[in-house]
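Asks: turn this into a model:
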Amino acid sequence: MDSSKVLVIVAVLSFYIEVVEGCLRLKCYRCNSLDSPTTCDKNNFDEDYHKGDVVVRTDLHLQLGGSSCVSGYLKNHKGVSYYYRAMSLGHQETGCVGKRCACNIDLCNGSTSMHVTSALFWSYLLSFFAHKLCF
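Replies: Residues are numbered from 1 along each chain as shown. The predicted structure follows:
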């Protein structure tokens, strides 16, 4: 096989890995302020501390409307309110409703609510282009 054919094969495989595989995954932070009150609360999130607390979804279900990154307030069984970051089991529209926010780009749930508002435009724009690129 000559070198030009090898380069074409490498280019096609690289494109597949970067675009196709990249379109079939979503990374979200997973932590809560009960377990990490000084690094996972709404207004004092430490991305460096929680870089290992990431959930990755990598399957076709994600592309067909699967998951979103979420954050917000919940109450435990004792009625104590806490802030959490996680991945949803189903697709959520980008934005905030009540005390729950959702977004659909990698690690977007590390932002505070002020950043979520400014990121809505970018999230929508990126998801639009990703959708066009993936389909």
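Asks: residues touching Asp53, list them.
Replies: 29-31 (CB atoms under 8 Å, 6 or more residues apart in numbering). Where C-beta positions appear, they are placed from N, C-alpha and C, glycine not excepted.
Asks: let's see which of those residues end up in helices.
Replies: Using DSSP state H, no member of the contacts of Asp53 falls in helices.
Asks: want to throw those into JSON lines with pLDDT and distance to His91?
Replies: Below are the contacts of Asp53 laid out as JSON lines (pLDDT from 0 to 100; distance: CB to CB, whole Å):
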{"residue": "Tyr29", "pLDDT": "97", "distance to His91": "18"}
{"residue": "Arg30", "pLDDT": "97", "distance to His91": "18"}
{"residue": "Cys31", "pLDDT": "97", "distance to His91": "22"}
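Asks: point out the ones among the residues you listed that are inside strands.
Replies: 29, 31 (DSSP state E).
Asks: tell me the one among the contacts of Asp53 nearest to Thr94.
Replies: Tyr29 (16.1 Å; CB to CB).
Asks: next, the contact list for the closest residue to that closest one other than its chain neighbours, please.
Replies: Excluding its sequence neighbours, the residue lying closest to Tyr29 (CB to CB, 6 or more residues apart in numbering) is Arg85, at 4.3 Å. The contact partners of Arg85, by CB under 8 Å, 6+ apart, come to 28-32, 40, 45, 50, 69-71, 109-110.
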